[in-house]
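Asker: generate coordinates for the sequence data below:
(2 chains)
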2 protein chains.
Amino acid sequence: MTRIDAQTIEDIAIGAALLGTGGGGDPYLGKLMALQAVKECGPVTLISPDEVPDEAVVVPTAMMGAPTVLIEKVPNGEEVFRAFNGLKNYLSKDIFATMPIEAGGVNSMIPIAVAARLGIPLVDCDGMGRAFPELQMVTFHLYGVSATPMVIADEKGNTIILETISNFWTESLARNATVVMGGSVMLSIYPMTGKVLKKAGIKNIVSYSAKIGKVIREARQRGENPAEALLKATGGFELFKGKVVDVLRRTEGGFARGEAKIEGIEEYKGEVLQVKFQNENLVAIRGERVVATVPDLICIVNLETAIPITTEGLRYGNRVLVLGIPCDEKWRTPEGLETVGPRYFGYDLDYVPVEVLAQGGEKQ
Amino acid sequence: MTRIDAQTIEDIAIGAALLGTGGGGDPYLGKLMALQAVKECGPVTLISPDEVPDEAVVVPTAMMGAPTVLIEKVPNGEEVFRAFNGLKNYLSKDIFATMPIEAGGVNSMIPIAVAARLGIPLVDCDGMGRAFPELQMVTFHLYGVSATPMVIADEKGNTIILETISNFWTESLARNATVVMGGSVMLSIYPMTGKVLKKAGIKNIVSYSAKIGKVIREARQRGENPAEALLKATGGFELFKGKVVDVLRRTEGGFARGEAKIEGIEEYKGEVLQVKFQNENLVAIRGERVVATVPDLICIVNLETAIPITTEGLRYGNRVLVLGIPCDEKWRTPEGLETVGPRYFGYDLDYVPVEVLAQGGEKQ
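Answerer: Modelled structure (predicted):
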């Protein structure tokens, strides 16, 4: 059990934005929500999944939709509580704690705000160990946990409760509702017991995010190269260094889809890296060679500061470092790869671990 | 209080299909559902709104979607009970009775099946006195009744509970969900007390439907012209007689939209009537002259049998009689016309009552 205070929130916002691999929402916006909540209600208690009683119910809270929309359609702050309390009433059960569904600038922060304002603990766990664009793309899904009953709330005051026959139906119905509701909404989803959570979740994601943020912050304070510290802290691989020369980005079907083109600098001079994304970065291709794919993490950070850049934040002229970080082992199983491997996203590629690719391994 | 038995169901199916003005679903399909329920569970008790205690809760049940879809995607019969019981559980209240939301081949029958199987009364009342394509197009809406909480259930087992800030949001969210769920779903909607119902509903619609069906049946049995009996029983006006020569019909946005072209016969020879529809018939234009518009009822029936023909049943070569029937007075108020007048449907026309137009009244 540890405390999440304002400094920790700053660190988590940065670390989670990195793990968000371009998605998961803008860290500035998410941070403000969490900071305000902690300022008004005091620090949040972070507990390990092992501290959750087996029979206690935990409900993740999150934003759903295109992060590009969230920047302009700012939440009013009340809808996530309507989503959370709506599910509590619907289940007629006390909810012991909340937690993130994924790592990301907004989606790591919303559960902190919820925990602070409701005076409940935050569980150091999520369902991705990174961010993914669709609701069934969680390790809970691999363990047969239903996303429903779930509650969707918009900033206007509309609320939807879903009970579905599969997590794919949940994704389809919720995604559509999100579009009708204006492109981004708040959720309470995947209610589950402590017993299930211990088995199905990815542990330590909040503290890991905080650690990443802290490493970057401290390296910068010491005047050291934060990128090197970042690679060391994450076990990640440098994939590319360059300048963003083109970003194609469209908000469609409730997602921010597109691709970025990065022209190499320093030892990558004369080369080009393409990064394709659907909210999150999915595939990185250096020249003709695939250098990383989902479910491994493809992270784009500012070359000097190592501050992560989200999909919607990518701009022409950004000088960036692109990293590949190995994903959680749960995603490297056949079921995991079926759910979030490159083929699910429509790429005709077998998954090869980023550490193999980075060592000049198997050619695609 | 009267009993609805198999013969009454046959009559209601025909009468309600007429009042459905082309929409409200296929009378054959709806009839089968109601007949089977009454056969298994016994006749249904039909009560007047005045017999509903002021504090008792009544919940209309209905099909939503394009009737063109319902023909191919037949309900499994269980989903309407999931919708009804879902709302009962959500409200944590006993539901005293059900009722139709509109008159129509399917939507007058579903509440009979629900009442039979659950052993509750059916209230002789609806919210339209006819059929309309959108959820806010009910007299309840004019009296400020909220459509939500409502429950949507599909035949696959998915359920959605909506709580919205307006009946327009309900229409938008429910329509979209209907499309995602395959184009037609079952609903429980507009929960309201007896007190509200007495004020906001359109009374006697079920018994009126039964009367219309009976008049047609008996005229045919006596070898008389059923069309004449029909005009007399409804206070309707003959608008046209002719042969259907063209039907444009497309299922889009969860509606069956299109238009029918009818070439005149007998005294209408050489003339053409156009009927435009969105699930229901909206506007009838004879040559250049508008002869009837919503909210008045534009009904197309078989010329010989007076059996109503739904939008999805219209075929090349059908010999038809087109009737105009005055709508309920509640629709002729400024609020009523704003909700269901021709301008709401995108026609640049002032509403003129069908009885005025039929007497060669104001030209459009």
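
Asker: flag every buried residue along the longest strand belonging to chain A.
Answerer: Secondary structure of chain A per DSSP state E: the longest strand is strand A:237-252. Using 16 or more other Cβ atoms under 10 Å in any protein chain shown as the test for burial, strand A:237-252 gives A:Phe237, A:Glu238, A:Leu239, A:Phe240, A:Lys241, A:Gly242, A:Val244, A:Val247, A:Thr251. All C-beta spots, glycine's among them, are computed from the backbone N, C-alpha and C.

Asker: and it, what does it pack against?
Answerer: Taking 3 or more Cβ pairs under 8 Å, 6 or more residues apart in numbering or on different chains; DSSP states H and E as contact, the helices and strands that strand A:237-252 lies on are helix A:67-70, helix A:226-234, strand A:255-264, strand A:272-278, strand A:280-286, strand A:289-293, strand A:319-325, helix A:354-358.

Asker: coming back round to it: least confident pick among the buried residues of strand A:237-252?
Answerer: Model confidence across the buried residues of strand A:237-252 bottoms out at A:Thr251, which has 80.

Asker: may I have the beta-bridge partners of it?
Answerer: A:Thr251 forms beta bridges with A:Ala256, as assigned by DSSP bridges.

Asker: swap in A:Thr61?
Answerer: The residues listed as beta-bridge partners of A:Thr61 by DSSP bridges are A:Ser188.

Asker: next one: A:Arg286
Answerer: A:Arg286 forms beta bridges with A:Leu273, A:Arg289, as assigned by DSSP bridges.

Asker: and it, what does it touch?
Answerer: Contacts for A:Arg286 were tallied using Cβ atoms under 8 Å, 6 or more residues apart in numbering or on different chains; they are A:Leu239, A:Phe240, A:Glu271, A:Val272, A:Leu273.

Asker: can you pick out the most distant pair from those?
Answerer: A:Leu239 and A:Val272 (12.6 Å; Cβ to Cβ).

Asker: can you pull the phi and psi angles for the closest residue to A:Met181 other than its chain neighbours?
Answerer: Leaving aside its sequence neighbours, A:Met181 sits nearest to A:Asp154 (Cβ to Cβ, 6 or more residues apart in numbering or on different chains; 4.1 Å). With angles defined as degrees, to the nearest 10, A:Asp154 shows backbone torsions of phi -100, psi 170.

Asker: and the nearest residue to A:Pro75 once chain neighbours are set aside, how far from B:Met128?
Answerer: Counting by Cβ to Cβ, 6+ apart, the nearest residue to A:Pro75 once its immediate chain neighbours are dropped is A:Glu155, at 5.6 Å. Distance of A:Glu155 to B:Met128, computed by Cβ to Cβ, to the nearest Å: 32 Å.

Asker: neighbour count winner among the two?
Answerer: Counted by other Cβ atoms under 10 Å in any protein chain shown, A:Glu155 and B:Met128 do not tie: B:Met128 has more neighbours, with 30 against 19.

Asker: grab the nearest non-local neighbour of the more buried one.
Answerer: The shortest distance from B:Met128 to any residue other than its chain neighbours is 4.3 Å, reached at B:Glu102 (Cβ to Cβ, 6+ apart).

Asker: quick check, that neighbour in a helix?
Answerer: No - note on B:Glu102: no helix contains this position according to DSSP: H, G, I helix; E, B strand; the rest coil, which reports coil.

Asker: I'd say it and B:Glu134 touch.
Answerer: No - taking contacts as Cβ atoms under 8 Å, B:Glu102 lies outside contact range of B:Glu134: 10.7 Å.

Asker: neighbour-wise, which of these two wins?
Answerer: Between B:Glu102 and B:Glu134, counted using other Cβ under 10 Å, the more crowded position is B:Glu102 (30 against 22).

Asker: who's in contact with that one?
Answerer: B:Gly20, B:Gly24, B:Ala62, B:Ser108, B:Asp126, B:Gly127, B:Met128, B:Arg130, B:Ala131, B:Phe132, B:Val138.

Asker: so which bits of chain A are right by chain B?
Answerer: Contacts of chain A with chain B, taken as Cβ under 8 Å from any Cβ of the partner chain, map to A:90, A:156-165, A:169, A:172-173, A:176-177, A:179-181.

Asker: drop anything exposed from those.
Answerer: By the neighbour-count criterion of 16+ other Cβ under 10 Å, the residues of chain A next to chain B include these buried positions: A:90, A:158-164, A:169, A:172-173, A:176-177, A:179-181.

Asker: among these, which are in helices?
Answerer: When those are checked against helices (DSSP state H), the matches are A:Tyr90, A:Trp169, A:Ser172, A:Leu173, A:Asn176, A:Ala177, A:Val179, A:Val180.

Asker: could you dump the residues you listed to a markdown table with distance to B:Arg82 and pLDDT?
Answerer: Listed next are these as a markdown table, based on distance: Cβ to Cβ, whole Å; pLDDT from 0 to 100:
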| residue | distance to B:Arg82 | pLDDT |
| --- | --- | --- |
| A:Tyr90 | 15 | 96 |
| A:Trp169 | 15 | 97 |
| A:Ser172 | 19 | 96 |
| A:Leu173 | 15 | 97 |
| A:Asn176 | 20 | 94 |
| A:Ala177 | 19 | 96 |
| A:Val179 | 25 | 92 |
| A:Val180 | 23 | 94 |
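
Asker: and the furthest pair within these?
Answerer: Of all pairs drawn from those, the one with the longest distance (Cβ to Cβ) is A:Tyr90 and A:Val179, at 23.4 Å.

Asker: so A:Phe237 makes contact with A:Leu231?
Answerer: Yes - distance between A:Phe237 and A:Leu231: 7.3 Å, which falls inside the contact criterion (Cβ under 8 Å).

Asker: now the common contact residues for these two.
Answerer: A:Leu323.

Asker: dump the residue contacts of A:Ala13.
Answerer: Applying Cβ under 8 Å, 6+ apart, the residues near A:Ala13 are A:Pro27, A:Tyr28, A:Gly30, A:Lys31, A:Ala34, A:Gly105, A:Ser108, A:Met109, A:Gly213.

Asker: pLDDT check: weakest of these?
Answerer: In terms of pLDDT, A:Pro27 ranks lowest among the contacts of A:Ala13, with 77.

Asker: could you find the closest non-adjacent residue to A:Ser209?
Answerer: Nearest in space to A:Ser209, with sequence neighbours left out and distances taken as Cβ to Cβ, 6+ apart, is A:Gly15 at 3.5 Å.

Asker: I meant A:Ile120, not that one.
Answerer: Leaving out its chain neighbours, the residue that sits closest to A:Ile120 by Cβ to Cβ, 6+ apart is A:Ala97, at 5.3 Å.
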